[in-house]
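Q: pasting the structure only:
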């Protein structure tokens, strides 16, 4: 009977280790994708700025239709990259959410008291003492509990995933402002 329980525990441990590997690789893939999409957006933005700089040198009416089309095409490509970036990051983040859910289940199944990495972060933060103590009480970490820097505040709760939302929205807004500016300038 003990052999069967030991096999179940070993199987759970192997699943947990494989799941941690999957989570790590997925987060790395999300980070590399963010850098790749950021590079694509910056390159597209540089081309758009190059074409827009021609607006300052000449009037919009003096531009050829091909130059105006290339300028608008850069903006449309930039917007499409932003939309794909957001959709891609949402897909990856939903997969990560599922993996975190599975990891929390396996942690409860293994019953590792005090070492639940994904189960609940709030257990480790005591706002009254402003510190985290290691389970063996040999190490302590101080952290802020008030203002923007607190652990559940804007900066303290920031995760790399927020980059996947903020940057596409920022670039998309910039592309729209430029697009509207060109349309307004062309109509005058």
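A: Thanks, I have the structure now. From a predicted model like this one, the values you see are computed outputs, not experimental measurements. Numbering: from 1, shown residues only.
Q: make it CA atoms for all contacts and neighbour counts henceforth
A: Noted.
Q: Going along the chain, name the helices of the chain.
A: 2-57, 65-110, 160-187 (DSSP state H).
Q: Turn the ones you listed into CSV, including distance to residue 137 and mean pLDDT.
A: As requested, the helices of the chain are exported to CSV (distance: least, C-alpha to C-alpha, whole Å; pLDDT from 0 to 100):
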stretch, distance to residue 137, mean pLDDT
helix 2-57, 26, 84
helix 65-110, 22, 85
helix 160-187, 30, 82
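Q: Pipe these into a markdown table and attach mean neighbour count and distance to residue 128 per row.
A: A markdown table is the format used below for those (neighbours: other C-alpha atoms under 10 Å; distance: least, C-alpha to C-alpha, whole Å):
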| stretch | mean neighbour count | distance to residue 128 |
| --- | --- | --- |
| helix 2-57 | 15 | 32 |
| helix 65-110 | 17 | 26 |
| helix 160-187 | 15 | 28 |
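Q: Between these, which one is closest to residue 143.
A: Residue 143 lies closest to helix 160-187 among those, at 19.5 Å (C-alpha to C-alpha).
Q: tell me the angle of that closest one relative to helix 2-57?
A: If you take axes from the mean of the first three to the mean of the last three C-alpha atoms, to 10 degrees, helix 160-187 sits at 20 degrees to helix 2-57.
Q: now for helix 160-187, which elements pack on it?
A: helix 2-57, helix 65-110 (3 or more C-alpha pairs under 8 Å, 6 or more residues apart in numbering; DSSP states H and E).
Q: got a markdown table for the ones you listed, with distance to residue 185 too?
A: Formatted as a markdown table, the helices and strands packed on helix 160-187 follow (distance: least, C-alpha to C-alpha, whole Å):
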| stretch | distance to residue 185 |
| --- | --- |
| helix 2-57 | 9 |
| helix 65-110 | 12 |
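Q: Tell me which of these sits nearest to residue 166.
A: Using C-alpha to C-alpha, the nearest of the helices and strands packed on helix 160-187 to residue 166 is helix 65-110, at 9.3 Å.
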